[in-house]
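# sequence and predicted structure below; questions after.
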Amino acid sequence: MPLHMVADLQVNQAFPCDSIKHSSGLSYRKMIKFDSPFSWSSVMTSAKIASSNSLSARIAALNWQRLSAQLSANGFAVTKQVLSKSECNAVIENFADDSLYRKVVDMDKHGFGRGIYKYFSDPLPSIVQELRTSIYEHLVDTANAWSSSFGLTTTYPPTLKEFLDVCKQSGQTRPTPLVLRYEPGDFNCLHQDKYGDVAFPLQVAVVLNERSLDYTGGEFVLVEQIPRAQSKASVLAPERGELIIFTNQDHPVKGKRGFYRAKMRHGVSKLYSGIRYTLGIIFHDAE
């Protein structure tokens, strides 16, 4: 696995740039360039053929026991490369096709930072759907273990389809996977991705460009709020196609009196050169 730069820093507790509301829990009770026209599905098929095995198989082959332990200990984990270069390029090349997206957000207009992101429409592109479905099934045990550690009775269903049915029952029907683009000077303020009362506690980000060659700066930043102490930041510089798995709310930390919630927010530091694209996989749908 390529080397990751992880730095622990001491920073101030307060951050004024939250972009999305936070909730502490949930309850189910209450660019390849083409000269002729092409379709997203054909690009995705070509990308898959170029891969040595299926995307689902690559995801299943990850050491999920180790990743789960890292998630519980740190609130985040980084995998080896999962998406191939051709798969990453396929997602990048389709960023300009607004017909694939339900909403475009200019972060500067909303005080979220600087940059552009776009939420996919249903049906999701096959590569995005496969990532979302496969990864969920490997994270659900961790999510349920965390729920138990927090003393909650909520359990997450074993498949993404069942979980999205729960979202639908709560009026959350809009897909949340998205692609983000950062140019020089762009950044993303610290935030949590919460789109309704039903929320899965983990999500995934995949950087689609090659660090240093395609862009500089733009590190992925996570800040953990520690009770009665200063906050701790972790700064990640992932390679193209690796998965950053992280909590979008909080993770359990064992203390002297049992487990407590360590709240975490994430963002992206300022980009200095080039263009950085990121694919975000959020498992709950939006209201």
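Noted; the coordinates are in hand.
# for the rest of this, base every contact and every neighbour count on C-alpha atoms.
Noted.
# give me the residues contacting the top helix by length along the chain.
Secondary structure of the chain per DSSP state H: the longest helix is helix 126-149. Helix 126-149 has contacts (C-alpha atoms under 8 Å, 6 or more residues apart in numbering) with 41, 44, 55-56, 59-60, 64, 68, 72, 87, 153-161, 177, 200-202, 251-252, 259, 281-283.
# same thing with stretch 253-272?
72-73, 75, 149-150, 182-192, 215-227, 247-252.
# all helices of the stretch 51-200 of the chain, in order?
For the stretch 51-200 of the chain, the helices defined by DSSP state H, counting those that start in this stretch occupy 55-60, 64-74, 85-93, 107-110, 126-149, 160-169.
# winner for burial among those helices?
Mean neighbour count (mean count of other C-alpha atoms under 10 Å) peaks for helix 85-93 among the helices of the stretch 51-200 of the chain, with a mean of 21.
# just want the angle from that one to helix 126-149.
For helix 85-93 against helix 126-149, the angle by axes from the mean of the first three to the mean of the last three C-alpha atoms, to 10 degrees is 100 degrees.
# could you dump helix 85-93 to CSV, C-alpha only?
Once non-C-alpha atoms are left out, helix 85-93 reads as follows in CSV (Å, rounded to 0.1, in the frame of the first residue of the first chain):
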residue,chain,number,x,y,z
LYS,A,85,-7.1,4.5,-13.5
SER,A,86,-9.6,3.9,-16.3
GLU,A,87,-12.5,3.8,-13.8
CYS,A,88,-11.4,7.0,-12.2
ASN,A,89,-11.0,8.7,-15.6
ALA,A,90,-14.4,7.5,-16.6
VAL,A,91,-16.0,9.3,-13.6
ILE,A,92,-13.9,12.5,-14.3
GLU,A,93,-14.8,12.6,-18.0
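# packing partners for that helix?
For helix 85-93, the packing partners by 3 or more C-alpha pairs under 8 Å, 6 or more residues apart in numbering; DSSP states H and E come out as helix 40-50.
# which of the contacts of stretch 253-272 count as buried?
72, 75, 149-150, 182-192, 215-226, 247-252 (16 or more other C-alpha atoms under 10 Å).
# just say helix, strand or coil for the residue most central in space within the chain.
The centroid of the chain falls nearest to residue 204 when counting by C-alpha atoms, centre = their mean (2.8 Å). Classification of residue 204 by DSSP: H, G, I helix; E, B strand; the rest coil places it in strand.
# where does pLDDT dip in this protein?
1-52 (pLDDT under 70).
# rerun that using 50 as the cut-off
Where the chain drops to pLDDT under 50, the residues are 1-38, 42-43, 45-52.
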